[in-house]
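>>> Fold the following for me, if possible:
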Amino acid sequence: MEKESPSILKTGSLREYVLADALKLIVLPNDVKFQEAASSVANPITRIGMARWAKASGSKYFFITAAAGAVARMTMRAAGKYGLKSIAIVRREEQKEICKEEGASYVLNQSDPDFEKQLIELCKDINCTYGFDCIGGEMPLTLIRSMPQGSTLCILQPEYDGREDTDPL
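Got it, this is the predicted structure:
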């Protein structure tokens, strides 16, 4: 068996030039930005991991904030294939329908004055013991207070962009 050269085996992701099998490449149009190209791979992988984490928790339900976003919607769809049910948490009333179309069992609006009370009651009623926070700031505290004792909250910290509502924890 002939051994491949090290340059083929160690392609690396941060090299300017790499040698790769042409059949394993995805050719993108020149106008596609780097972040768009990266998210076309990262987001689907992230959603599978999130759905698997929720399944492994043993909870039949999980909640996810920023639920109208791309990763959250993909996660709800993937989790449904694992037999999980989701509580979608959105920021605006008009986002509720998007989440219902993605299969969310429940949709709550975090802007409602009694949001925390609604979430506490729902988590207790259906024994939701797993959740994802994709917002940061004060939201994780609200979510933890709403969950039954012994629950798990997975915090996916958004990229800090200087806005007050996305300050790093």
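>>> mind showing which ranges of the chain have poor pLDDT?
1-15, 157-169 (pLDDT under 70).
>>> For the top helix by length along the chain, name the packing helices and strands.
With DSSP state H setting the assignment, residue counts place helix 34-56 as the longest helix in the chain. In terms of contacts (3 or more Cβ pairs under 8 Å, 6 or more residues apart in numbering; DSSP states H and E), helix 34-56 is packed against helix 70-81, strand 130-133. Placement of C-beta: from N, CA and C, glycine included.
>>> right, and the helix or strand after the last one?
Right, the one you point to is strand 130-133. Following strand 130-133 in sequence order, the next helix or strand is helix 139-146 (DSSP states H and E).
>>> Centre of the chain to that following helix, how far?
Taking the mean C-alpha point of helix 139-146 and that of its whole chain, the gap between them comes to 17 Å (Cα atoms, centre = their mean, to the nearest Å).
>>> Which positions in it come out as buried?
Of the residues in helix 139-146, 139, 140, 142, 143, 146 count as buried by neighbour count, 16 or more other Cβ atoms under 10 Å.
>>> Kindly report the same for stretch 147-158.
Per 16+ other Cβ under 10 Å, stretch 147-158 contains these buried residues: 147, 151, 152, 153, 154, 155, 156, 158.
>>> mind listing what the strand of greatest length in the chain pairs with, with the direction of each?
Of all the segments of type strand in the chain, defined by DSSP state E, the longest one is strand 85-90. Under the criterion DSSP bridges, strand 85-90 sits next to strand 61-64 (parallel), strand 106-109 (parallel) in its sheet.
>>> Please identify the deepest-packed of those strands.
strand 61-64 (a mean of 25; mean count of other Cβ atoms under 10 Å).
>>> Please save the CA atoms from that strand in CSV.
Written as CSV, here are the backbone C-alpha positions of strand 61-64 (Å, rounded to 0.1, in the frame of the first residue of the first chain):
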residue,chain,number,x,y,z
TYR,A,61,-39.3,18.5,26.0
PHE,A,62,-36.7,21.2,25.6
PHE,A,63,-37.0,25.0,25.1
ILE,A,64,-34.9,27.2,22.9
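>>> Excluding its own residues, what touches that strand? List them.
Contacts made with strand 61-64 from outside it, assessed by Cβ atoms under 8 Å, 6 or more residues apart in numbering, are listed as 50, 54, 72, 75-76, 79, 84-89, 105, 119, 123, 126-132, 134, 143.
>>> All good on my end, thank you.
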